[in-house]
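Visitor: this one's structure only:
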(Lines give C-alpha, C1' and ligand atoms only; values in the text may rest on other atoms or scores of the structure.)
Protein backbone atom coordinates (compact mmCIF):
# COMPACT_ATOMS: atom_id res chain seq x y z
CA UNK A 1 0.00 0.00 0.00
CA UNK A 2 1.06 3.59 -0.50
CA UNK A 3 2.91 5.19 2.40
CA UNK A 4 0.58 8.17 2.50
CA UNK A 5 -2.43 5.86 2.67
CA UNK A 6 -0.93 4.18 5.72
CA UNK A 7 -0.21 7.49 7.43
CA UNK A 8 -3.70 8.76 6.59
CA UNK A 9 -5.25 5.69 8.20
CA UNK A 10 -3.09 6.05 11.34
CA UNK A 11 -3.96 9.73 11.58
CA UNK A 12 -7.64 8.90 11.26
CA UNK A 13 -7.29 7.33 14.71
CA UNK A 14 -4.62 9.83 15.86
CA UNK A 15 -5.29 13.32 14.43
CA UNK A 16 -2.02 15.33 14.41
CA UNK A 17 -3.86 18.45 15.54
CA UNK A 18 -4.58 16.81 18.90
CA UNK A 19 -0.89 16.53 19.83
CA UNK A 20 0.37 18.31 22.92
CA UNK A 21 2.62 21.28 22.24
CA UNK A 22 5.64 19.48 23.73
CA UNK A 23 5.06 16.23 21.85
CA UNK A 24 6.88 14.83 18.81
CA UNK A 25 4.20 12.64 17.25
CA UNK A 26 4.40 11.99 13.50
CA UNK A 27 7.17 10.75 11.24
CA UNK A 28 10.31 10.09 13.26
CA UNK A 29 12.52 8.61 10.52
CA UNK A 30 11.85 9.08 6.82
CA UNK A 31 12.16 6.21 4.36
CA UNK A 32 12.84 6.44 0.63
CA UNK A 33 10.41 3.71 -0.42
CA UNK A 34 6.80 4.68 -0.96
CA UNK A 35 5.18 1.22 -0.99
CA UNK A 36 4.55 -0.36 2.42
CA UNK A 37 4.58 -4.15 2.38
CA UNK A 38 4.42 -4.89 6.12
CA UNK A 39 3.85 -2.91 9.32
CA UNK A 40 5.17 -3.55 12.82
CA UNK A 41 3.45 -1.96 15.83
CA UNK A 42 5.16 -1.52 19.20
CA UNK A 43 5.16 0.60 22.34
CA UNK A 44 8.76 1.87 22.25
CA UNK A 45 11.14 2.70 19.39
CA UNK A 46 14.11 0.80 20.80
CA UNK A 47 16.97 -0.86 18.89
CA UNK A 48 15.37 -4.19 19.80
CA UNK A 49 12.04 -3.05 18.29
CA UNK A 50 13.67 -2.07 15.01
CA UNK A 51 15.68 -5.30 14.93
CA UNK A 52 12.58 -7.38 15.55
CA UNK A 53 10.63 -5.43 12.91
CA UNK A 54 13.36 -6.14 10.36
CA UNK A 55 13.35 -9.82 11.32
CA UNK A 56 9.58 -9.91 10.68
CA UNK A 57 10.03 -8.31 7.27
CA UNK A 58 8.42 -4.99 8.20
CA UNK A 59 9.36 -1.87 6.25
CA UNK A 60 7.34 0.48 8.47
CA UNK A 61 7.13 0.71 12.25
CA UNK A 62 4.46 2.46 14.29
CA UNK A 63 5.25 3.14 17.95
CA UNK A 64 3.41 4.94 20.70
CA UNK A 65 6.42 6.71 22.19
CA UNK A 66 8.47 9.06 19.99
CA UNK A 67 12.11 8.35 19.23
CA UNK A 68 13.01 11.49 21.19
CA UNK A 69 11.16 14.49 22.58
CA UNK A 70 14.27 16.59 21.89
CA UNK A 71 16.02 15.01 18.89
CA UNK A 72 19.58 16.04 18.16
CA UNK A 73 22.68 14.92 16.33
CA UNK A 74 23.55 11.20 16.62
CA UNK A 75 26.97 12.20 17.92
CA UNK A 76 27.46 9.37 20.44
CA UNK A 77 26.61 5.73 20.90
CA UNK A 78 23.36 4.84 22.65
CA UNK A 79 19.78 3.73 21.90
CA UNK A 80 19.02 6.86 19.85
CA UNK A 81 22.04 6.32 17.59
CA UNK A 82 21.43 2.59 17.24
CA UNK A 83 17.77 3.05 16.26
CA UNK A 84 18.78 5.57 13.61
CA UNK A 85 21.55 3.30 12.34
CA UNK A 86 19.30 0.22 12.05
CA UNK A 87 16.30 2.05 10.58
CA UNK A 88 18.23 4.07 8.03
CA UNK A 89 20.29 1.07 6.92
CA UNK A 90 17.11 -0.96 6.34
CA UNK A 91 15.11 2.00 4.94
CA UNK A 92 12.50 1.64 7.70
CA UNK A 93 9.77 4.26 8.08
CA UNK A 94 9.24 5.10 11.77
CA UNK A 95 6.06 6.87 12.85
CA UNK A 96 5.00 7.70 16.42
CA UNK A 97 1.45 8.27 17.66
CA UNK A 98 1.88 9.57 21.20
CA UNK A 99 -0.49 12.18 22.60
CA UNK A 100 -2.36 11.99 19.30
CA UNK A 101 -3.36 8.46 20.31
CA UNK A 102 -3.83 9.28 24.00
CA UNK A 103 -6.34 12.05 23.38
CA UNK A 104 -8.75 10.19 21.06
CA UNK A 105 -10.80 8.55 23.80
CA UNK A 106 -13.13 6.98 21.25
CA UNK A 107 -10.16 5.10 19.83
CA UNK A 108 -7.72 2.61 21.39
CA UNK A 109 -7.23 4.93 24.40
CA UNK A 110 -10.76 3.96 25.42
CA UNK A 111 -9.84 0.28 25.70
CA UNK A 112 -10.22 0.13 29.49
CA UNK A 113 -13.54 1.98 29.41
CA UNK A 114 -14.74 -0.52 26.81
CA UNK A 115 -13.54 -3.47 28.89
CA UNK A 116 -15.56 -2.22 31.89
CA UNK A 117 -18.50 -0.99 29.76
CA UNK A 118 -18.26 2.46 31.32
CA UNK A 119 -21.26 4.77 31.00
CA UNK A 120 -21.33 8.59 31.07
CA UNK A 121 -17.76 8.82 29.80
CA UNK A 122 -15.93 12.11 30.07
CA UNK A 123 -12.29 13.20 29.72
CA UNK A 124 -10.48 14.23 32.87
CA UNK A 125 -8.86 17.12 31.04
CA UNK A 126 -9.58 18.67 27.67
CA UNK A 127 -6.92 19.08 24.99
CA UNK A 128 -6.74 22.74 26.02
CA UNK A 129 -5.66 21.63 29.49
CA UNK A 130 -8.79 22.53 31.44
CA UNK A 131 -11.34 20.32 33.22
CA UNK A 132 -14.25 19.37 30.94
CA UNK A 133 -17.60 21.05 31.29
CA UNK A 134 -20.51 19.02 32.62
CA UNK A 135 -22.48 17.15 31.44
CA UNK A 136 -19.90 14.99 29.64
CA UNK A 137 -18.98 16.21 26.19
CA UNK A 138 -20.68 14.76 23.11
CA UNK A 139 -18.89 12.91 20.33
CA UNK A 140 -16.03 13.09 19.59
CA UNK A 141 -14.61 12.38 23.04
CA UNK A 142 -11.23 14.11 23.17
CA UNK A 143 -8.85 14.81 26.04
CA UNK A 144 -6.55 13.22 28.59
CA UNK A 145 -7.71 10.48 30.90
CA UNK A 146 -11.26 9.23 31.20
CA UNK A 147 -13.91 8.74 33.88
CA UNK A 148 -17.13 6.78 33.79
CA UNK A 149 -19.68 4.77 35.71
CA UNK A 150 -19.53 0.99 35.65
CA UNK A 151 -22.45 -0.72 33.92
CA UNK A 152 -23.06 -2.40 37.27
CA UNK A 153 -21.17 -1.94 40.57
CA UNK A 154 -18.47 -4.56 41.13
CA UNK A 155 -17.12 -6.00 44.38
CA UNK A 156 -13.46 -4.99 44.68
CA UNK A 157 -12.25 -8.59 44.28
CA UNK A 158 -14.16 -8.95 41.00
CA UNK A 159 -13.02 -5.50 39.88
CA UNK A 160 -9.35 -6.37 40.46
CA UNK A 161 -9.72 -9.76 38.80
CA UNK A 162 -11.18 -8.14 35.69
CA UNK A 163 -8.46 -5.47 35.68
CA UNK A 164 -5.78 -8.14 35.97
CA UNK A 165 -7.29 -10.02 33.02
CA UNK A 166 -6.78 -6.92 30.84
CA UNK A 167 -3.18 -6.26 31.87
CA UNK A 168 -1.08 -7.59 34.75
CA UNK A 169 -1.40 -5.69 38.03
CA UNK A 170 0.48 -8.01 40.40
CA UNK A 171 3.18 -5.36 40.93
CA UNK A 172 0.73 -2.44 41.17
CA UNK A 173 0.67 -0.30 44.30
CA UNK A 174 -2.33 1.17 46.08
CA UNK A 175 -2.75 4.60 47.65
CA UNK A 176 -5.62 4.86 50.13
CA UNK A 177 -8.29 2.20 50.57
CA UNK A 178 -10.07 0.46 47.74
CA UNK A 179 -13.84 0.50 48.47
CA UNK A 180 -15.66 -2.78 48.94
CA UNK A 181 -17.75 -1.90 45.89
CA UNK A 182 -16.57 0.01 42.82
CA UNK A 183 -19.23 2.14 41.13
CA UNK A 184 -17.23 4.76 39.26
CA UNK A 185 -13.64 4.69 37.99
CA UNK A 186 -11.16 6.86 36.15
CA UNK A 187 -7.92 6.09 34.40
CA UNK A 188 -5.08 7.58 32.43
CA UNK A 189 -2.47 5.46 30.67
CA UNK A 190 1.20 6.32 31.14
CA UNK A 191 1.96 9.16 33.55
CA UNK A 192 -1.31 10.48 34.95
CA UNK A 193 -0.38 11.83 38.36
CA UNK A 194 -1.24 15.37 37.26
CA UNK A 195 -4.87 14.29 36.83
CA UNK A 196 -5.42 12.91 40.33
CA UNK A 197 -7.50 15.89 41.45
CA UNK A 198 -9.54 15.77 38.22
CA UNK A 199 -10.28 12.07 38.81
CA UNK A 200 -11.36 12.82 42.37
CA UNK A 201 -13.60 15.69 41.21
CA UNK A 202 -15.13 13.33 38.63
CA UNK A 203 -16.37 11.21 41.54
CA UNK A 204 -14.16 8.18 40.88
CA UNK A 205 -13.93 5.49 43.56
CA UNK A 206 -10.59 4.43 42.09
CA UNK A 207 -8.13 6.09 39.73
CA UNK A 208 -5.85 3.84 37.66
CA UNK A 209 -2.65 5.34 36.29
CA UNK A 210 1.13 5.18 36.49
CA UNK A 211 4.17 7.09 37.76
CA UNK A 212 2.53 8.49 40.91
CA UNK A 213 5.12 10.32 43.00
CA UNK A 214 5.58 10.02 46.74
CA UNK A 215 4.26 13.43 47.82
CA UNK A 216 1.23 13.19 45.53
CA UNK A 217 0.46 9.81 47.08
CA UNK A 218 0.99 11.19 50.58
CA UNK A 219 -1.62 13.89 49.96
CA UNK A 220 -4.17 11.28 48.85
CA UNK A 221 -3.68 8.65 51.58
CA UNK A 222 -6.79 9.61 53.52
CA UNK A 223 -8.85 10.93 50.63
CA UNK A 224 -12.15 9.54 49.33
CA UNK A 225 -10.57 8.04 46.22
CA UNK A 226 -8.16 5.10 45.96
CA UNK A 227 -5.29 5.33 43.48
CA UNK A 228 -3.95 2.24 41.77
CA UNK A 229 -0.48 2.84 40.32
CA UNK A 230 -0.09 0.10 37.70
CA UNK A 231 3.08 1.55 36.22
CA UNK A 232 3.70 3.25 32.91
CA UNK A 233 4.21 0.14 30.79
CA UNK A 234 1.31 -2.26 31.32
CA UNK A 235 -1.71 -0.15 30.28
CA UNK A 236 0.09 1.39 27.32
CA UNK A 237 1.27 -2.03 26.16
CA UNK A 238 -2.38 -3.15 26.27
CA UNK A 239 -3.49 -0.01 24.41
CA UNK A 240 -0.94 -0.40 21.61
CA UNK A 241 -2.00 -4.02 21.11
CA UNK A 242 -5.60 -2.85 20.68
CA UNK A 243 -4.39 -0.33 18.11
CA UNK A 244 -2.34 -2.97 16.31
CA UNK A 245 -5.33 -5.29 16.10
CA UNK A 246 -7.49 -2.47 14.70
CA UNK A 247 -4.89 -1.71 12.04
CA UNK A 248 -4.50 -5.40 11.19
CA UNK A 249 -8.23 -5.58 10.46
CA UNK A 250 -8.16 -2.40 8.36
CA UNK A 251 -4.93 -2.71 6.34
CA UNK A 252 -4.29 -4.77 3.21
CA UNK A 253 -0.74 -5.59 4.40
CA UNK A 254 0.47 -7.82 7.27
CA UNK A 255 0.60 -6.18 10.70
CA UNK A 256 2.77 -7.57 13.49
CA UNK A 257 2.37 -6.39 17.09
CA UNK A 258 5.78 -6.62 18.75
CA UNK A 259 5.56 -7.24 22.52
CA UNK A 260 7.77 -5.30 24.88
CA UNK A 261 8.99 -5.77 28.43
CA UNK A 262 8.82 -3.22 31.20
CA UNK A 263 12.24 -1.90 32.22
CA UNK A 264 11.15 -2.39 35.84
CA UNK A 265 11.46 -5.88 37.31
CA UNK A 266 10.40 -6.84 40.86
CA UNK A 267 13.68 -7.19 42.73
CA UNK A 268 12.94 -10.45 44.50
CA UNK A 269 11.80 -12.13 41.28
CA UNK A 270 15.40 -11.91 40.11
CA UNK A 271 16.91 -13.68 43.12
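Guide: Perfect, I can see it now. Quick caveat, the model's predicted, so the values are computed rather than measured.
Visitor: where does pLDDT dip in this protein?
Guide: Low-confidence segments of the chain (pLDDT under 70): 133-139.
Visitor: would you map the helices across it?
Guide: All helices of the chain, identified by DSSP state H, fall at 3-13, 47-55, 79-90, 99-102, 111-115, 156-166, 196-201, 214-220, 233-250.
Visitor: which elements pack onto the last one?
Guide: This means helix 233-250. helix 3-13, strand 39-42, strand 60-63, helix 111-115, strand 181-191, strand 206-210, strand 255-257 (3 or more CB pairs under 8 Å, 6 or more residues apart in numbering; DSSP states H and E). All C-beta spots, glycine's among them, are computed from the backbone N, C-alpha and C.
Visitor: run through who's touching it.
Guide: Applying CB atoms under 8 Å, 6 or more residues apart in numbering, the set of residues contacting helix 233-250 from outside is 9-10, 13, 39, 41-43, 62-64, 97, 101, 107-109, 111-112, 166-169, 187, 189-190, 208, 210, 254-257, 259-260, 262-264.
Visitor: what's the nearest residue to the spatially most central residue of the chain if we skip its chain neighbours?
Guide: Geometric centre of the chain, nearest residue: residue 236, 3.4 Å, by CA atoms, centre = their mean. Among residues not flanking residue 236 along the chain, residue 189 sits closest, at 4.9 Å (CB to CB, 6 or more residues apart in numbering).
Visitor: follow-up on the earlier one: out of the helices of the chain, which is the most enclosed?
Guide: Stretch with highest mean neighbour count among the helices of the chain: helix 99-102 (a mean of 24; mean count of other CB atoms under 10 Å).
Visitor: so how far is it from its chain's centroid?
Guide: Relative to its parent chain, helix 99-102 has a centroid offset of 8 Å by CA atoms, centre = their mean, to the nearest Å.
Visitor: just stretch 175-186 next, same as before
Guide: Distance of stretch 175-186 from its chain centroid, counting by CA atoms, centre = their mean, is 22 Å.
Visitor: can you give the contact residues for that stretch?
Guide: 116, 118, 124, 145-150, 153-156, 159-160, 195, 198-199, 202-208, 212, 217, 220-223, 225-229.
Visitor: what distance separates the start and the end of it?
Guide: 14 Å (CA to CA, to the nearest Å).
Visitor: could you pull out the buried residues of it?
Guide: Residues 175, 176, 178, 179, 182, 184, 185, 186 are the ones in stretch 175-186 that count as buried (16 or more other CB atoms under 10 Å).
Visitor: OK, contacts around the nearest residue to residue 26 once chain neighbours are set aside?
Guide: For residue 26, ignoring the flanking residues on the chain, the nearest one in space by CB to CB, 6+ apart is residue 16 at 6.2 Å. Contact analysis of residue 16 by CB under 8 Å, 6+ apart lists 25, 26, 100.
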